Structure formats: structure tokens, C-alpha cells
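A.B. asks: here is the input, now give the coordinates:
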Amino acid sequence: MTAHRNFKRQVRARAAKTGESYTAALRHFRPTPSPAAGAGRPAALRLAVAQTPVTEDPRDVDALRASGRQVRALMREASERGARLVQFPEGAICFPGKHVMSATGPETIGAADWDRYQWTAARAELAAIADLARELRLWTVIPSVHRLTGPSRPHNSMYVVSDEGAVATRYDERRLSKTKASFLYSPGRSPVVFEVDGVRFGCLLGMEIHYPELFAEYETLGVDCVLLSTTGVSPGNPAAQTLGHAANNSLWVSLSVPAEHSPTAPSGVAAPGGDWLDRCPADGSPAVTVVDLDDACEAAAIAVTLARPWRRESRSTVPDGPGPADPRSEDRTAGF
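C.D. replies: Model prediction:
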């Protein structure tokens, strides 16, 4: 709060001295971007986050096609509203159900039989999404299952499709639930960072909302916005967790969930100050909301220009070597 008051005082003092508006004076206190990761404010970018219905049976070709049509309809809406990038929830094409996929099911949960997955139909929908991304010049983040070779289980992944219609990169979920790890997927190994118009993005998937160290990892990598796609986070409060990760790391965090979960946790984007910029309707309907990622608002400016640099400086002062030589410092029972 003290930093907040001091910052506002400095901005008002400049405005009074120069005759500028508060907003014009605020721009003076934003650092000039530099090549160093995270050293300056990101360029403004319009981001769309979607919520779509999720199907759990990958054997149902008609359902896969319907999912693809819904994704493409929201891509068009996002583009019409000026979005540069659109993000979809985990399972946007299909979220294979553990009972449906179980080779010993549906009564029991066992190893997944991935021959049941209609790979050709799913790939056709992904290809159509990529074609539309190129047509609309719209970066599209679309979660889907990524098939591996041989006996390896697939990854649960997020494809990042560029505005040229090509897969720019892919993120594979690293922190798998017990069921996912035991019966369904192979874990990913590394974070993924990509850049659009000067804004750096990181990706997280599924239950990774429960791992604050993953958000902190992206902060150290100079990411401006973390894109988190999930089918639901239970137990836990996804809204509170999203706002907490945004505030604790001075990041934008975009949460994309299925439309079915929107009555309790609609898709939305949290600002670096820990407030929602906007959210989709909480009525179970497919929808997209569009926000601008910049630090034009005061809370975001404080978080990006003050809080994040202060946090990094504080972390850098933690000593790596041995502590003081004073014996009283080492005696934990020395008393008052």
C-alpha cells in the first residue's frame, strides 16, 4: 500500500508540474522496453479467452466435428472483436473420459485403449482450425491430445497455432493427476514460452493451477501472461487461485474452462494487480471474452513497473554462501 501511495503521489506531482493529464503523466513512469526478458512493459495486445462445451467420447466422430465447428465459430467472433490471440479450454476438441477409454471399463478404470480415439477425425478438425487461424491472421491456442509413437502414451497438450496457420510450438502437461499419470498420458518435460507482437506467453494445462512454482517459473522466464486451460479444478477455488497467481507474480493469467463449469468458474483474464479484467457469462453457454493486455490501468502499471522488479531484486539478495560468523547468530536457542 505504501508503494501504491508513493507511486500515485509521484504521478500527480508530475501532472501538476507539467500540466499533463494523470494518464499522460503515468506513461512517463513506465520503463522503456529493452531486449532483456521482462525488463520493460509488454506491448498492448488484444487477447480472447473462450469457454466451450466438452465431449468425453473420442469414438463419436460427429461430436468431434461439432466441437471443431464450435471452436471455429468462436475464433471468428474473437477476430471480429479485434483479438490477436484466442485461447480455448482443455478438451476443446475432446477430453477423453477415463471410463470411456479404459480397456477394462467402463465399470473399472484401467489403462487407456488409445485405438478407440478417432485420430483421423480429430486431426481433420485441428487442420481446419489451423486453416482458419491463417485466414483470420489469429494466433490460436488449442488444447488436444498429441499422439506419440510405439507403445508410448500420448501427451495432453496445447498446440500454439500461429497466424500463418502453422504449429509454432506445443506445451505438454507436466503435473499429471494420478489417473492421468497411471492410465492415460505421458508427462511433459519443460515450460514453453512464445511471443506475439512483443508480448511473452507461457502455457499451463489441466491441474497445474495447483502448482504455484510453475507460475513463478514463468515469471523468471520473463513471461507477461500465463495461459491456463483446464477442464476444472477440484478440489480448490479456481477463481481465487487464478487471482492469487496473477497478484503474486505480477502476471496476467488467462483461465479457459469448459462452458459446463462457467456457473461456478467462467473463463476470464486476471490482471497483474489481482483483479479480473473480464469474464465470460456464468450461464453454461459457449462464449468468448476479449481484453487488452497492457498496463494502462494504474493497478497493472504498479504491478508491472514496481512489484515485479522489486520482487526480483529481493530474491537476488538472498545469500548463497554461509551465514554470519557470529556464534550468537548460529545459536537458535540463544533467547532474547
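A.B. asks: for the rest of this, base every contact and every neighbour count on C-alpha atoms.
C.D. replies: Fine.
A.B. asks: from residue 87, how far off is the residue nearest to the spatial centre of the chain?
C.D. replies: Nearest to the mean C-alpha position of the chain, by C-alpha atoms, centre = their mean, lies residue 227 at 1.4 Å. For residue 227, the distance to residue 87 equals 7 Å [C-alpha to C-alpha, to the nearest Å].
A.B. asks: joint contacts of those two?
C.D. replies: residue 256 (C-alpha atoms under 8 Å, 6 or more residues apart in numbering).
A.B. asks: show the backbone phi and psi for residue 129.
C.D. replies: The phi/psi pair for residue 129 (degrees, to the nearest 10) reads phi -70, psi -40.
A.B. asks: and for it, nearest residue in space, chain neighbours not counted?
C.D. replies: residue 72 (6.3 Å; C-alpha to C-alpha, 6 or more residues apart in numbering).
A.B. asks: what sits against residue 125?
C.D. replies: With C-alpha under 8 Å, 6+ apart, residue 125 has these contacts: 64, 65, 68, 93.
A.B. asks: ok, back up a step: can you verify the residue nearest to residue 129 is assigned to a helix?
C.D. replies: Yes: per DSSP: H, G, I helix; E, B strand; the rest coil, residue 72 lies within a helix segment.
A.B. asks: shouldn't it be in contact with residue 130?
C.D. replies: No: at 9.7 Å, residue 72 does not count as touching residue 130 under the criterion of C-alpha atoms under 8 Å.
A.B. asks: among the two, which residue is more densely surrounded?
C.D. replies: Neighbour tally, residue 72 and residue 130, criterion other C-alpha atoms under 10 Å: the higher count belongs to residue 130, 25 against 19.
A.B. asks: element containing the more buried one?
C.D. replies: Assigned by DSSP states H and E, residue 130 belongs to helix 119-136.
A.B. asks: distance between that helix and the chain's centre?
C.D. replies: 22 Å (C-alpha atoms, centre = their mean, to the nearest Å).
A.B. asks: and if you look at stretch 285-296?
C.D. replies: 13 Å.
A.B. asks: tell me the buried residues in that stretch?
C.D. replies: By neighbour count on 16 or more other C-alpha atoms under 10 Å, the buried set for stretch 285-296 is 285, 286, 287, 288, 289, 290, 291, 292, 293, 294, 295.
A.B. asks: wait, isn't the fifth one in contact with residue 49?
C.D. replies: I take that to be residue 289. Yes: between residue 289 and residue 49 there is a contact under C-alpha under 8 Å: 5.6 Å.
A.B. asks: joint contacts of these two?
C.D. replies: Common neighbours of residue 289 and residue 49, counting by C-alpha under 8 Å, 6+ apart, are residue 268.
A.B. asks: sort out for me which of the buried residues of stretch 285-296 are in strands.
C.D. replies: Among the buried residues of stretch 285-296, the members falling in strands (DSSP state E) are 287, 288, 289, 290, 291, 292, 293.
A.B. asks: mind giving me TSV with these and columns for pLDDT and distance to residue 55?
C.D. replies: As requested, those are exported to TSV (pLDDT from 0 to 100; distance: C-alpha to C-alpha, whole Å):
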residue	pLDDT	distance to residue 55
287	98	16
288	98	19
289	98	22
290	97	25
291	96	27
292	95	30
293	93	31
